[in-house]
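> can you look at this prediction? I've put the sequence above it.
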Amino acid sequence: MKSDFAIELVDVVKRFGTVAAVDHVSMQIRPREFFALLGPSGCGKTTCLRMIAGFEQPSSGQLLLQGKPLGDIPAFKRNVNTVFQSYALFPHMTVAQNVAFGLEMKGVGRDEIRRRVADALDLVRLPQMADRYPKQMSGGQQQRVALARALVNKPEVLLLDEPLGALDYKLRKEMQIELKQMQQQLGITFIFVTHDQEEALTMSDRICVMSTGHALQVGTPLEIYERPNCKFVADFIGETNFLPGVVTEISGEYATVNVADMSLVGRLGEGVTLGASAWLSVRPEKMQLVDEARANPSALNTNSVTIDSVAYVGSDTRVVVHLGGQRLDVWDENNISTLDPNFYFRAGERASLSFPADNALVLVK
Amino acid sequence: MATLLRKSRALQLLGLMFPGGFWMVVFFLLPLLFIVVLSFLDNERLFTLEGYQRVFDPLYIGIFLQSIWISLLTTIISLLISFPVALFMARLPKGWRDIALFAVMIPFWTNFLVRTYALQFLMRNQGPINLLLQWIGLIDEPLSMLNTPAAVMVGLIYGNLPFMILPVYTSLEKFDWTLLEAAQDLGASAWPAFFRVMLPLTAPGLLSGSILTFVPAIGSYVTAELMGGGKATMIGRVIAGQFEQAQNWTFGSAMSLILMVIVTIFALIYFRLGRGERVAL
């Protein structure tokens, strides 16, 4: 039976000594998906990748590759390939020998090896580098060789362990686009480990956010950013303000939180109950600052604030405001072009801050 | 004089080289020349090729070949013993690694002669090994282990093991273990991964260890004397015999120089093998 999933983790635990690096993680990765494992260092994302590759065995739970349990199938028999963080190119072999290695191990014929190695080097746009040694290449080129060496084996799943981490900013941006195009062109499932949220958001079809061994949320970049299911995800992805308070009302998909005697309404998060302590999470770009004179103070989520500081950063103006003893970041898009220095609010002035209920989330964990 | 020294770079270099140079000339080059001259002089101090002619006597060629054979075997067995030991050491946590290195070097603190005597004692007919084997009933009669080429080899392996372990360990410690994972990832099981990735990358260490073991082994005298029971197992023992008992310095010198040529050939092979590795690394 062909499974609906390229890779499945079922309640996987990996302990190192007494520490659970991966703690009851389940996830399903679809075929031809660009899937990111995102989290801070030590969150267990690389351990997950190493278990899929076969370098680590889970302490309990199960991994399935296209519906078939991987069990204790050794790494060299798994039809998955890895692009290592350090590239791990064989320094005593030329680029062509590196790329041919996997095919030789599988006993592919000489002519076919030559053809497929040439194709793989074309794919990563290094056809003229076949006879170089890794030492004679730049980091970006080595990265491409590592990619070619893995892809030439036509793996069912390609595992990438922070492959762009060692590249400079500009090259990283280029490679992000190129990797994404390559993945779509080849139709191979990519599992991509990164701690860079922007990288994950740009490239992935879906993201799994991990922290301290737990898979907190799996979703599309849109879902992860707009509807984080917990405080950690909201905090880790992008910027956000947390206003602590108590849940006073729940109605339909919304909850009201009492924050310093203000009633603020946001979308109801997972596990929110009446009377519970909660955070109202609202992102800096999802609020509006208007003149107090033009505001309707009785409108929903509208409150008077004091401007603490104003920083012009070009595309938007970053404002810090005081709301009921809380400091909030507000990013105001500069959608009017003017040279008037008095056009915008200045520190010490008062203004009215508002946001629709759908722009905020009430989270309890 | 002082200003001259400060000004002339050549003089400075000469000054720096003098202590080492003096040492090499007086204690190495001159004795070597002396040996070369001696090998061509007979008892009446007249020119002769007799020393070299005698080397080609099948008896002596046989001893040369046996010496090479024993030294090669010693090197190979040392390598086979050292690799797992060094591998184990390199995989230890950092603190334990230093302790293990220390343990490998401890035997150096005891005189080599004394250690060889100890080995002789262990292996003799009434020695602890024979007593133990008899006690557990594995053998009835004591094994006569001493005074055989095998005993010489045991002595050589024992004496030279640290010289093999240390360079092998050094190359294994530098080895990047993710390369083995990469090999596995690309479909290589344990042995192909070892032969295609680990072995070529640690070869420089294995080669240095081999030359450091082979050279002392082929020239060994003390071990051959004590473990071989004075029999003509190793050429070093035979050369010593010519200088001492036989008082035939011509022949002894000729054999010494032939031995040097053999060692040089092996050293050249070593450098040739080592060069290929360095190109890529």
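Happy to help now that I have it.
> how many neighbours does B:Q242 have?
Each residue near B:Q242 was counted by other C-beta atoms under 10 Å in any protein chain shown, and the total is 20. From N, CA and C alone the C-beta is placed, and that goes for glycine too.
> and the residue lying closest to B:M89 once chain neighbours are set aside, what does it touch?
Using C-beta to C-beta, 6 or more residues apart in numbering or on different chains and skipping residues adjacent in sequence, the residue nearest B:M89 is B:A100, 4.4 Å away. By C-beta atoms under 8 Å, 6 or more residues apart in numbering or on different chains, the contact set of B:A100 is B:F88, B:M89, B:L92.
> interface residues of chain B facing chain A?
With C-beta under 8 Å from any C-beta of the partner chain as the criterion, chain B meets chain A at residues B:176, B:178-179, B:181-189, B:192-193, B:196-197, B:200-201, B:277, B:280-281.
> could you rerun that using 6 Å?
Within chain B, the positions near chain A by C-beta under 6 Å from any C-beta of the partner chain are B:178-179, B:181-182, B:184-189, B:197, B:200-201, B:280-281.
> narrow those residues to those in helices?
B:T178, B:L179, B:E181, B:A182, B:Q184, B:D185, B:P200, B:L201, B:A280 (DSSP state H).
> what residues are up against the third one?
What it means is B:E181. A:F55 (C-beta atoms under 6 Å, 6 or more residues apart in numbering or on different chains).
> how close does it sit to A:G54?
9 Å (C-beta to C-beta, to the nearest Å).
> chain center to the strand or helix carrying A:L361, what's the gap?
A:L361 is part of strand A:360-363 when elements are defined by DSSP states H and E. Distance of strand A:360-363 from the chain centroid (C-alpha atoms, centre = their mean, to the nearest Å) equals 20 Å.
> before we move on, what about stretch B:198-207?
Remark: stretch B:198-207 is offset 18 Å from the chain centroid, using C-alpha atoms, centre = their mean.
> near chain B, which residues of chain A?
Applying C-beta under 6 Å from any C-beta, one finds that chain A approaches chain B through A:55, A:75-76, A:81-82, A:84, A:86, A:88, A:90-92, A:101-102, A:105-106, A:133.
> re earlier: which among the residues of chain B next to chain A count as buried?
Among the residues of chain B next to chain A, those classed as buried by neighbour count (16 or more other C-beta atoms under 10 Å in any protein chain shown) are B:178-179, B:181-182, B:184-188, B:197, B:200-201, B:280.
> which one of those residues sits closest to B:G15?
If you rank these by distance to B:G15 using C-beta to C-beta, B:A280 comes first, at 39.9 Å.
> per-residue pLDDT of the closest one, please?
At B:A280, the predicted lDDT confidence score is 45.
> residues in contact with the strand or helix carrying A:V25?
Using DSSP H and E, A:V25 maps to strand A:19-29. Applying C-beta under 6 Å, 6+ apart, the external contacts of strand A:19-29 come out as A:5-14, A:35, A:44, A:47-48, A:208, A:213-215, A:218.
> how about it: buried residues?
Buried-residue list, strand A:19-29, by 16+ other C-beta under 10 Å: A:A20, A:A21, A:V22, A:D23, A:V25, A:M27, A:Q28, A:I29.
> on that earlier part again, most surrounded residue in the contacts of B:A100?
B:M89 (23 neighbours).
> pretty sure that one contacts B:V168?
No. The pair B:M89 / B:V168 is not scored as a contact, 9.3 Å apart, by C-beta atoms under 6 Å.
> look up how far chain B lies from A:T47.
In this view, A:T47 and chain B are 14 Å apart by C-beta to the nearest C-beta, to the nearest Å.
> hmm, A:K14 and that residue touching each other?
Yes. Between A:T47 and A:K14 there is a contact under C-beta under 6 Å: 5.3 Å.
> so the residue nearest to B:M89, which of the three states?
Under DSSP: H, G, I helix; E, B strand; the rest coil, B:A100 falls in the helix class.
> what do you get for the one 4 residues further on?
When classified by three-state DSSP, B:V104 comes out as helix.
> just give me the neighbour total for it.
17.
> can you name the next helix or strand after the helix or strand of chain B with the lowest mean pLDDT?
The least trusted helix or strand in chain B, going by mean pLDDT, DSSP states H and E, turns out to be helix B:2-7, with a mean of 70. Sequence order places helix B:9-24 as the next helix or strand after helix B:2-7, per DSSP H and E.
> list the buried ones in the helix or strand following that following helix?
Sequence-wise, the next helix or strand downstream of helix B:9-24 (DSSP H and E) is helix B:30-39. Within helix B:30-39, the residues scored as buried using 16+ other C-beta under 10 Å are B:I35, B:L38, B:S39.
> put together JSON lines for the residues you listed, with pLDDT on each row.
Output for the buried residues of helix B:30-39, formatted as JSON lines (pLDDT from 0 to 100):
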{"residue": "B:I35", "pLDDT": "92"}
{"residue": "B:L38", "pLDDT": "91"}
{"residue": "B:S39", "pLDDT": "92"}
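> got the domain boundaries for the chain?
With no chain named, the answer covers chain A. What the record gives for chain A is the domain set A:7-231, A:239-363, from automatic domain parsing.
> um, chain B though
B:18-48, B:51-280.
> where does A:E270 land in three-state SS?
Following three-state DSSP, the label given to A:E270 is coil.
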